[in-house]
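[1] with the input below, show me the fold.
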Amino acid sequence: MASETTSASMRRSARAEPDQSFSALAFIRAASEAPATPGAYALLIALSHPLEASAGRRAATLAPGLYLYCGSAKGPGGLRARLGRHMRQGKRRRWHIDQLTEAGESLGAWISLEKGECDLVAALSALPVPLEGFGSSDCPRCRSHLLFWPRGDAPAFLAAQKC
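    Okay, the predicted model is just below:
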């Protein structure tokens, strides 16, 4: 059964303490700006309408708004190839995130060559989790790799970046 993203947990404040180790994250608007090397990313996606999303047996209605998906790119083509796939429309759905990238608009991504996807999720832990298990079904550390970004509540290390 779907749970609404407007629950009390989704409304809590998302302000986090600054983490200086993330101060050098670069924001890119297009995959072509990313290096073709391994790294991690926080993809920024805007949904303009509600979306029924699922992760295994879990499902939720994702409200319109901004979402961050944290992932990694370790294969051929690195960040450029992975973000190129995420930002492209009309692809075959392979991963959980394809539900959002096909329904919404990819606005860009923060990239890191030094941190991992779970490090990014941990740094963004003040943000609400809209759907447990989303993008993290093989991750023993994280509840979800998808986070909801409440309007006006920028995490400290992202607020300092230019996007």
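[2] excluding sequence neighbours, find me the nearest residue to the most centrally placed residue in the chain.
    The centroid of the chain falls nearest to Tyr69 when counting by C-alpha atoms, centre = their mean (1.3 Å). For Tyr69, ignoring the flanking residues on the chain, the nearest one in space by C-beta to C-beta, 6 or more residues apart in numbering is Leu43 at 4.5 Å. In short, each C-beta sits where N, CA and C put it, glycine included.
[3] where's that neighbour, which helix or strand?
    Taking DSSP states H and E as the criterion, Leu43 maps to strand 39-47.
[4] could I get the CA-only coordinates of that strand as CSV?
    The C-alpha trace of strand 39-47 is given here as CSV (Å, rounded to 0.1, in the frame of the first residue of the first chain):
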residue,chain,number,x,y,z
GLY,A,39,32.7,8.3,-8.4
ALA,A,40,29.5,9.0,-6.5
TYR,A,41,26.7,11.4,-7.2
ALA,A,42,23.6,12.9,-5.7
LEU,A,43,21.2,13.3,-8.7
LEU,A,44,18.6,16.1,-8.3
ILE,A,45,15.2,15.3,-9.8
ALA,A,46,12.1,17.4,-10.0
LEU,A,47,8.7,15.8,-10.0
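[5] who does that strand touch, helix- and strand-wise?
    Packing partners of strand 39-47 (3 or more C-beta pairs under 8 Å, 6 or more residues apart in numbering; DSSP states H and E): strand 65-73, helix 78-87, helix 98-103, strand 105-112, helix 117-123.
[6] can you tell me which of the ones you listed comes nearest to Phe27?
    Set against Phe27 and scored by C-beta to C-beta, the helices and strands packed on strand 39-47 come closest in strand 105-112, at 5.3 Å.
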